[in-house]
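Engineer: Got a sequence here, can you model it:
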Amino acid sequence: MSRVGDLYKQWSQHPYFSADVRAELQSVADQPAEIEDRFYRDLAFGTAGLRGVLGAGTNRMNLYTVARAADGFARFIAAQGAEACRRGLVISYDSRCCSAQFARLTAQVFVGYGIRVRLFDALRPVPLLSFAVRHYGASCGVMITASHNPARYNGFKAYGADGSQLPPEDADAVSRYMDEIQDLTNLNWPDEAAAAATGLLQMIGSGLDRAYDTMLLGLSVNPEAVQRQADLKIIYTPLHGAGNLTVRRILKKLGFRQVLVVPEQEAPDPDFPTVAMPNPEEREALSLAIALAEEKEAELVIATDPDADRTGLSVRRQDGSFVVLSGNQIGLLLTDYILSARRDRGTMPTNPFVVTTIVSTRLTRRIAAHYGVTLFECLTGFKYIGELIKEKDEYGDMHYLFGFEESYGYLAGTEVRDKDAVVTSMLIAEMAAVAREKGLTLYDLLQDIYRRFGHAAEQTLSITMEGKEGLDRIAAGMLQLRAAGAKAFPGLAIQAVNDYLTRQRLDISSGQTSPLDLPVSDVLLYDLDGLNWFCIRPSGTEPKIKIYFGCYAPEREQSEAQLVRLRQVVEAGISVFLAGAPT
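Structural biologist: Predicted coordinates for the structure are as follows:
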């Protein structure tokens with residue numbers, strides 16, 4: 001029998017696995033493709049931890065795969081010695097199916113290794129988990145969430161002592177510990193009563209919320225404007241997730257008195273019944289909030305995803321209609337607002353810097369240069385922004401002000417080291433209050449940025465390729481794209497190809513290569529004329545290949561026309577490689 005067959009037989013028959021798991025697997029006994037997809041691999045553990053579809057099997061999120069990840073992570077911490085165990089673990093979770101159950105299981109596994117655990121007494125967002133790790137001086141953290149994925153997903157995010165997601169070398173070490181577990185039936189852990197009896201398990205309550213709020217209020221740039229514009233009407237939706245109480249509380253503490261929550265999306269709900277996907281970047285997910293904003297004559301809509309690390313925004317235009325802003329547009333607004341306010345109020349620190357990623361808008365380069373602020377560009381993944389904060393601010397002589405990814409992740413301040421939709425919501429609302437004092441909207445501010453720094457036409461295209469076959473096609477397609485180089489896209493004036501897997505930049509005109517100083521990553525970035533560019537990379541958390549585009553020109557029509565042509569050529573080229581990739 002094959003390995004897949006052996007695993008299927010064990011999981012569907014062994015009494016170690018629950019009756020529900022055995023029944024679920026027996027129901028697909030006549031579906032070989034389904035069995036193959038469930039067992040052809042162990043759910044991969046990377047720098048974002050685990051993420052996958054809920055269900056029975058080694059390639060699914062369930063009690064046993066979570067226990068395997070928790071066991072590997074616990075042994076990684078235990079190997080660091082008694083002090084690391086004493087400092088311990090912090091655990092939080094969101095509103096997804098099984099999140100609370102997976103969080104309790106993780107706590108029990110860590111306690112079984114003699115590691116101290118602090119577990120939130122109810123769901124909390126990602127930024128609070130990151131803050132708590134640093135606040136308590138813990139060795140590590142775990143957040144049970146699948147972010148903005150569909151309802152059938154869940155995940156296990158692993159954090160280090162700095163409050164950032166694990167760096168690649170630590171994630172690899174945890175993965176090696178997990179690989180040592182050849183038979184899941186050998187895993188065991190204390191039950192809830194036994195774990196509680198050890199005295200190693202402590203619950204976290206509202207005291208930590210208050211400490212987090214105090215930190216956030218210290219990041220307000222212009223609180224006086226909020227006091228003068230306290231009646232600014234804001235619509236907020238947590239999209240059935242963990243942000244509801246935290247976001248509303250900080251907006252109230254800052255001074256806003258007209259924050260209205262979308263009632264249909266207020267309560268935590270693992271089924272996310274009002275949206276196809278709880279993704280705040282999608283207009284469909286914001287449709288109820290926009291309708292409420294139109295009814296109540298609000299000026300803006302703020303949305304957070306289920307674990308409240310990503311932030312969406314829709315703003316009213318002068319004609320009264322609402323437009324949903326892109327992740328890049330929100331990042332530009334916040335960067336310009338924070339830097340201009342710091343300059344105008346005389347609070348700009350020495351050696352200031354901001355951070356963005358290589359696949360985010362390149363207008364940030366012009367904004368940072370305008371304010372005399374250093375810009376660092378890093379790989380996709382907020383852990384890289386966290387590493388720059390540690391290196392340049394915490395251990396260096398520079399001062400971090402703001403960082404963002406085009407995928408709707410933003411962070412101000414240094415006491416959180418992951419995307420923080422709570423501080424982002426606070427700063428967006430404050431920025432809107434400042435604009436209102438001038439008779440402007442956030443949409444007006446965005447148009448002013450384009451007038452000053454040039455127009456941008458930017459877009460991200462995701463191609464979903466589910467299952468083992470899809471992942472194989474993506475991997476093979478990337479290999480073939482590398483082999484083809486600039487010839488993969490005839491007709492484009494490609495100036496250079498940046499391959500972050502080989503860490504080499506190839507200048508097309510000279511044929512010369514030069515080293516890239518960012519870490520290894522499966523990313524191909526193509527530089528075109530001027531600031532224009534496009535990039536291709538497999539998603540690190542979803543079964544997708546992502547294509548990013550950026551075109552820039554003095555006028556909006558020019559940049560949009562360039563984008564249309566660029567996308568046509570790139571899509572045609574990449575479709576050939578993905579279609580021709582062997583399975």
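Engineer: those strands in the stretch 1-150 of the chain, which residues are they?
Structural biologist: Along the stretch 1-150 of the chain, the stretches classed as strands by DSSP state E, counting those that start in this stretch are 50-53, 89-93, 117-120, 140-144.
Engineer: of those, which approaches residue 507 most closely?
Structural biologist: Closest approach to residue 507 among these (CB to CB): strand 50-53, 37.1 Å. For every residue, glycine as well, the C-beta is placed using N, CA and C.
Engineer: Direction included, what does that closest one pair against?
Structural biologist: Note on strand 50-53: by DSSP bridges, its sheet partners are strand 153-159 (antiparallel).
Engineer: tell me the angle the partner strand makes with strand 89-93.
Structural biologist: Comparing the axes of strand 153-159 and strand 89-93 via axes from the mean of the first three to the mean of the last three CA atoms, to 10 degrees yields an angle of 150 degrees.
Engineer: average model confidence for the helix or strand following strand 153-159?
Structural biologist: Using DSSP states H and E, the helix or strand that follows strand 153-159 towards the C-terminus is helix 168-179. Mean pLDDT, helix 168-179: 95.
Engineer: Quick check: buried residues in helix 168-179?
Structural biologist: 170-171, 173-175, 177-178 (16 or more other CB atoms under 10 Å).
Engineer: Poorly predicted segments of this protein, please.
Structural biologist: Residue ranges of the chain with pLDDT under 70: 1, 540-542, 580-583.
Engineer: if we can go back for a sec, nearest to residue 195, of the strands of the stretch 1-150 of the chain?
Structural biologist: Ranking these by proximity to residue 195 (CB to CB) places strand 117-120 first, at 8.1 Å.
Engineer: if we can go back for a sec, so can I have JSON lines of the strands of the stretch 1-150 of the chain showing distance to residue 499?
Structural biologist: As requested, the strands of the stretch 1-150 of the chain are exported to JSON lines (distance: least, CB to CB, whole Å):
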{"stretch": "strand 50-53", "distance to residue 499": "26"}
{"stretch": "strand 89-93", "distance to residue 499": "37"}
{"stretch": "strand 117-120", "distance to residue 499": "42"}
{"stretch": "strand 140-144", "distance to residue 499": "32"}
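Engineer: how about the nearest residue to residue 294, chain neighbours excluded?
Structural biologist: residue 322 (7.1 Å; CB to CB, 6 or more residues apart in numbering).
Engineer: Which strand residues bridge the one you found?
Structural biologist: With DSSP bridges as the criterion, residue 322 is bridged to residue 316.
Engineer: With mean neighbour count and distance to residue 42 as extra columns, can I get the strands of the stretch 1-150 of the chain in TSV?
Structural biologist: Converted to TSV, the strands of the stretch 1-150 of the chain look like this (neighbours: other CB atoms under 10 Å; distance: least, CB to CB, whole Å):
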stretch	mean neighbour count	distance to residue 42
strand 50-53	22	10
strand 89-93	29	22
strand 117-120	23	25
strand 140-144	29	18
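Engineer: Go through the ones you listed and name the closest to residue 26.
Structural biologist: Between the strands of the stretch 1-150 of the chain, strand 50-53 lies closest to residue 26; by CB to CB that is 18.6 Å.
Engineer: Just the CA atoms of stretch 527-545, as PDB, please.
Structural biologist: Taking Å, rounded to 0.1, in the frame of the first residue of the first chain, the C-alpha atoms of stretch 527-545 are listed here in PDB:
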ATOM      1  CA  ASP A 527      12.000  46.600 -13.900                       C
ATOM      2  CA  LEU A 528      10.700  48.600 -16.900                       C
ATOM      3  CA  ASP A 529      11.100  52.200 -18.000                       C
ATOM      4  CA  GLY A 530      11.000  54.800 -15.300                       C
ATOM      5  CA  LEU A 531       9.300  53.600 -12.100                       C
ATOM      6  CA  ASN A 532       7.200  51.000 -14.000                       C
ATOM      7  CA  TRP A 533       7.500  47.400 -13.000                       C
ATOM      8  CA  PHE A 534       5.800  44.000 -12.500                       C
ATOM      9  CA  CYS A 535       6.400  41.100 -10.300                       C
ATOM     10  CA  ILE A 536       5.500  37.400 -10.100                       C
ATOM     11  CA  ARG A 537       5.500  35.300  -6.900                       C
ATOM     12  CA  PRO A 538       3.600  32.300  -5.500                       C
ATOM     13  CA  SER A 539       1.600  33.200  -2.400                       C
ATOM     14  CA  GLY A 540       3.100  32.100   0.900                       C
ATOM     15  CA  THR A 541      -0.200  31.400   2.500                       C
ATOM     16  CA  GLU A 542      -2.700  30.500  -0.200                       C
ATOM     17  CA  PRO A 543      -2.700  28.200  -3.400                       C
ATOM     18  CA  LYS A 544      -2.200  31.100  -5.700                       C
ATOM     19  CA  ILE A 545       0.400  32.700  -7.900                       C
END
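Engineer: returning to what we had before: which ones are touching the residue nearest to residue 294?
Structural biologist: By CB atoms under 8 Å, 6 or more residues apart in numbering, residue 322 lies in contact with 290, 293-294, 301, 314-316.
Engineer: and those residues as a markdown table, adding distance to residue 530 and neighbour count?
Structural biologist: Below are those laid out as a markdown table (distance: CB to CB, whole Å; neighbours: other CB atoms under 10 Å):
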| residue | distance to residue 530 | neighbour count |
| --- | --- | --- |
| 290 | 35 | 22 |
| 293 | 37 | 23 |
| 294 | 39 | 15 |
| 301 | 34 | 27 |
| 314 | 30 | 23 |
| 315 | 28 | 26 |
| 316 | 32 | 21 |
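Engineer: ok, so of those residues, who is nearest residue 451?
Structural biologist: residue 315 (17.0 Å).
Engineer: my read: the closest one touches residue 443, true?
Structural biologist: Yes. Using CB atoms under 8 Å, residue 315 is in contact with residue 443, at 4.8 Å.
Engineer: which neighbours do those two share?
Structural biologist: Counting by CB under 8 Å, 6+ apart, the shared contacts of residue 315 and residue 443 are residue 323.
Engineer: With respect to residue 562, which of the strands of the stretch 1-150 of the chain lies nearest?
Structural biologist: Here strand 50-53 is closest among those (CB to CB), at 34.9 Å.
Engineer: which residues are in contact with the closest one?
Structural biologist: Residues from elsewhere that reach strand 50-53, judged by CB under 8 Å, 6+ apart: 43-44, 59-61, 65-66, 69, 146-147, 149, 152-156, 541-542.
Engineer: circling back to that earlier point, just tell me which of the strands of the stretch 1-150 of the chain ends up closest to residue 77.
Structural biologist: Closest to residue 77 of the strands of the stretch 1-150 of the chain is strand 140-144 (CB to CB; 5.8 Å).
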